[in-house]
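Novice: Sequence and predicted model, in that order:
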Amino acid sequence: MVLAALAALAALYALNLTHFLLFHFTVELFSIAVAFSVFGLTWAARDRLEDGGLLLIGVSYLFVGGVDLLHTLSYKGTGLFPGYGADLPTQLWLIARGLETVSLLLGLRYLERRIPYRSAALVYGVVTIGLVLTAVPLRVFPTAYVTGEGLTPFKIVTEYTLSAALIVAGFGLYRKRANLDAVMFRWLLAAIATTALAEVLFTFYIDVYGISNALGHILKIISFYAVYQAIVERGIRRPDKLFYRQLSGREQKLAAALAEQDTLMREIQHRTKNDMTLIQSFLSLQAGETEDPHAKNILEEAGNRVSVLARIYENIYQTQEVESVHLGPLVQRTISDLQASTAQPSVRFDLSLADVSVPTKVSVAIALIINELVTNALKYAFEDTDDPCIQIRATGAAGHGGVERAGDSVEVVVEDNGAGLPQAVVDGESGGYGTRLVQALAWQHNGTVSFENHKGAVVRVRLSIGDERRR
């Protein structure tokens, strides 16, 4: 295939030596056909081509090809633009190459980004029409070629400026090579390199039929073909490698963002735990200095509640999970701390804790509820009980182990074999601060609380966790 392409280019150059106008028409019409094909296939795939850079380049080639068509039709010998001479095709050439260069630069800038392609097409249309009108019929576009003298300084400076811009684009493409399919990268680099070299060649000729002009047109064919291969063949017809590369890049960015978020959340939880511990220490110190038994009791209870919160946040930042908490270890530690802080070591605890994992917000409520219920039982339930026992059960919605498969709620039951609850509490007619706190925490999570007496006090709390998981 490579040999066939080289033979075709050699034949074109030989045609240039014998019949330049036919050579020029052949080269330009081929380039125009490729440009229109790039646009047509890109536009047809615009809804599934996520890379804004490739989409922008593909859209731009409609206008590049359109100006090239005017450039071809304005050549001496066609008779379509009488009175304009050789300057007009040179001016139109500069306009087309300027559009092409700017498009490659913008395309590299917007690689792997979304663009409003309809707005881009509209802007290209307005700019292209405006530039063409300055050359024909307004004739205000700077002179680019003078018959008998050759290229003007404006034309030469413009060509070198475009070449320099393309070199910059090439370096920019090289820096982004890790984000591109290897084959697409090589084709885009070839397109930029051949276009830049062609611009340099177009600064050398004096006669529009000269050899540098012919070689520049041949390089233009190669450049357009390279763009076709990069955008159409690799980006549209065979996008699998591009798609998987983009997917891999997005996964890496997502993993980095999640890791950063996880680190930040752990730091927040750690600082919150330290703040809670500090508050609990203040309350404990104040309770130690208070002589009033009632005030002392209130401060100690407040300290216990703050201590529960501190344990929750400590459990969070020490584990691998930030958004959920395993209830078993949290309840066990809460009970251990309560036993250590009370003067009733004889009370036996019977724990039946399924492997329940709940959202962090729900775990805070459950820990506070257990703290209130157990503290209340330790203080009031066992004055006349020989073998005091507190049972705590935590299960999924239907009594299964593991909330993950049990549904959208969790049930915690705290019961004891003590004196039982006052009848007014069972009937829902009255209750102390702890009772109201338990009810409020349950209601915050669309839960329910029931108070019963059955060989002692039985409190059932069911909390919804479905809403928290969806937040």
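Specialist: Thanks, I have it. Numbering: from 1, shown residues only.

Novice: Buried ones in the helix or strand where G216 lies, by neighbour count?
Specialist: Using DSSP states H and E, G216 falls within helix 211-228. Within helix 211-228, the residues that count as buried by 16 or more other CB atoms under 10 Å are 212-228. From N, CA and C alone the C-beta is placed, and that goes for glycine too.

Novice: Ok, stretch 421-433 next?
Specialist: Buried residues in stretch 421-433, defined by neighbour count with 16+ other CB under 10 Å: 421-422, 425-426, 431.

Novice: Can you add distance to A10 and pLDDT and give those residues back as a markdown table?
Specialist: Formatted as a markdown table, those follow (distance: CB to CB, whole Å; pLDDT from 0 to 100):
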| residue | distance to A10 | pLDDT |
| --- | --- | --- |
| L421 | 102 | 88 |
| P422 | 105 | 88 |
| V425 | 101 | 87 |
| V426 | 102 | 86 |
| G431 | 99 | 74 |
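
Novice: which of these lies closest to V132?
Specialist: Among those, G431 lies closest to V132 (CB to CB), at 84.8 Å.

Novice: Which helix or strand contains that closest one?
Specialist: With DSSP H and E as criterion, G431 is part of no helix or strand.

Novice: Quick check on it: phi, psi?
Specialist: Note on G431: backbone dihedrals following degrees, to the nearest 10 are phi 170, psi 160.

Novice: What sits closest to I32 if chain neighbours are left out?
Specialist: Distances taken as CB to CB, 6 or more residues apart in numbering put G65 closest to I32, at 4.7 Å, once the chain neighbours are dropped.

Novice: can I assume V412 sits in a helix?
Specialist: No - V412 sits outside any helix when classified using DSSP: H, G, I helix; E, B strand; the rest coil, being strand.

Novice: OK, contacts around it?
Specialist: By CB atoms under 8 Å, 6 or more residues apart in numbering, the residues touching V412 are 366, 369-370, 392-394, 460-463.

Novice: One more pass at 6 Å, please.
Specialist: Contacts here follow CB atoms under 6 Å, 6 or more residues apart in numbering; on that basis V412 touches 366, 394, 461.

Novice: Report the beta-bridge partners for it.
Specialist: Beta-bridge partners for V412, by DSSP bridges, are A394, V461.

Novice: How about the one 4 residues further on?
Specialist: The bridge-partner assignment for D416, based on DSSP bridges, gives I390.

Novice: quick one: the strands in the stretch 351-471 of the chain?
Specialist: Here the stretch 351-471 of the chain has its strands, by DSSP state E, counting those that start in this stretch, at 357-359, 389-396, 409-416, 448-453, 457-464.

Novice: closest one to R186 among those?
Specialist: R186 lies closest to strand 357-359 among the strands of the stretch 351-471 of the chain, at 50.1 Å (CB to CB).

Novice: hmm, back to that, neighbour-wise, which one of the contacts of V412 leads?
Specialist: With neighbours defined as other CB atoms under 10 Å, the most crowded of the contacts of V412 is I366; it has 28 neighbours.

Novice: With adjacent residues omitted, what lies nearest to that residue?
Specialist: V412 (5.8 Å).

Novice: That neighbour and L327: what is the separation?
Specialist: 8 Å (CB to CB, to the nearest Å).

Novice: now do L108
Specialist: From L108 to L327 the distance is 53 Å (CB to CB).

Novice: now swap in S60 and tell me
Specialist: From S60 to L327 the distance is 60 Å (CB to CB).

Novice: Settle it for me: which of these two has more neighbours?
Specialist: Using other CB under 10 Å, the more surrounded residue of S60 and L327 is S60, with 26 against 23.

Novice: That one is in contact with L104, isn't it?
Specialist: No - counting by CB atoms under 6 Å, S60 does not reach L104; the two are 8.5 Å apart.

Novice: By mean pLDDT, point me to the weakest helix or strand of this protein.
Specialist: Within the chain, no helix or strand scores below helix 403-406, which has a mean of 39 by mean pLDDT, DSSP states H and E.

Novice: Below-threshold pLDDT in this protein: ranges please.
Specialist: Residues of the chain that meet the criterion pLDDT under 70 lie in 1-2, 205-210, 234-251, 255-273, 312-313, 315-322, 341-345, 397-407, 466-471.

Novice: domains for it, by residue range?
Specialist: Using automatic domain parsing, the domain ranges for the chain come out as 2-238, 259-322, 324-471.

Novice: Let me know the helix or strand that the closest residue in space to T72 that isn't next to it in sequence is in.
Specialist: The shortest distance from T72 to any non-neighbouring residue, by CB to CB, 6+ apart, is to E28 (4.1 Å). For E28, the host element (DSSP H and E) is helix 20-44.

Novice: which one in this structure is furthest away from the centre?
Specialist: Seen from the C-alpha centroid of the chain, the residue lying at the greatest distance (CA atoms, centre = their mean) is D384, 63.4 Å away.

Novice: Apart from its chain neighbours, what residue comes closest to that one?
Specialist: Leaving aside its sequence neighbours, D384 sits nearest to A419 (CB to CB, 6+ apart; 6.9 Å).

Novice: between the contacts of V412, which is closest to P153?
Specialist: I366 (81.6 Å).

Novice: hang on, the earlier thing: save the domains of the chain as CSV, and put in distance to K253 too.
Specialist: Formatted as CSV, the domains of the chain follow (distance: least, CB to CB, whole Å):
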stretch, distance to K253
domain 2-238, 10
domain 259-322, 11
domain 324-471, 24
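
Novice: contact partners of stretch 226-235?
Specialist: Contact with stretch 226-235 is made by 34, 38, 41, 54, 58, 181, 183-184, 187-188, 190-191, 242, as judged by CB under 6 Å, 6+ apart.

Novice: can you rerun that using 7 Å?
Specialist: For stretch 226-235, contacts defined as CB atoms under 7 Å, 6 or more residues apart in numbering pick out 34, 37-38, 41-42, 49, 51, 54, 57-58, 181, 183-184, 187-188, 190-191, 194, 242.
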